[in-house]
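[1] Please work out how this folds:
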Amino acid sequence: MFATTSPRAGPRAQGEQDDGEIRQSAGRTVEEGQLYLDRDRYMADRDRRLRVGPIGSNGRASCVIEHDLHLGGQLVGRTTPIAVSSLGNPRKFELPEEAGAVTADPRYTRLLAAMATVHSATATPRDYARAAYVALALGDGAA
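    Next up, the predicted model:
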């Protein structure tokens, strides 16, 4: 599902339908699979990146935290609900990666889970490489 934006501002009348689209006043289309960088002044130092998951009829997207320096990366892999209107606002969220074939590939999910497992303040590139090697079943993990 995706939500489109519209220059029309203001709330909808109760019960007004729009064929599954959620309209915002921000001017950007939010789709499942997009990666956003949180630009909130309190989140900027955390380098928090969110992958858009399912978008509910309530106007909130279930987003997976793909990267967050807060608490040594302990929040990576968790989901958080974010208003689609906020995601559509370029002043609040930067869109560094559109949804694409990469996120549709089942190997992507396995790699993301493996990276989230080893992610920490002390993780080395070798730790990430080993996790990817094992996740893709390329060998016995002796990278």
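[2] Chain neighbours aside, what residue packs nearest to D38?
    R48 (4.2 Å; C-beta to C-beta, 6 or more residues apart in numbering). Where you see a C-beta, it was placed from the backbone N, CA and C, and this is true even at glycine.
[3] which residues sit in contact with the one you found?
    Shown in contact with R48 (C-beta atoms under 8 Å, 6 or more residues apart in numbering): L37, D38, I65, H67, D68, L69, H70.
[4] And the residues you listed, which is closest to G53?
    I65 (10.8 Å; C-beta to C-beta).
[5] what's the spacing between that closest one and R110?
    Distance, I65 to R110, by C-beta to C-beta, to the nearest Å: 18 Å.
[6] more neighbours, these two?
    I65 (21 against 16; other C-beta atoms under 10 Å).
[7] my guess is that one meets R49, correct?
    Yes - contact criterion C-beta atoms under 8 Å: I65 and R49 qualify, at 7.4 Å.
[8] just to revisit the earlier point, phi first, then psi, for the residue nearest to D38.
    Dihedral angles of R48 (phi, psi; degrees, to the nearest 10) stand at phi -80, psi 130.
[9] Distance to A114 and secondary structure for the contacts of R48 - can I get that in TSV?
    Converted to TSV, the contacts of R48 look like this (distance: C-beta to C-beta, whole Å; DSSP: H, G, I helix; E, B strand; the rest coil):
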residue	distance to A114	secondary structure
L37	22	strand
D38	23	strand
I65	16	strand
H67	14	strand
D68	17	coil
L69	19	coil
H70	21	helix
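[10] all helices for the protein, in order.
    84-87, 101-104, 106-118, 125-135 (DSSP state H).
[11] If you count contacts, what does the longest one end up packed against?
    Translated: helix 106-118. Packed against helix 106-118 by the contact rule (3 or more C-beta pairs under 8 Å, 6 or more residues apart in numbering; DSSP states H and E) you find strand 60-67, helix 125-135.
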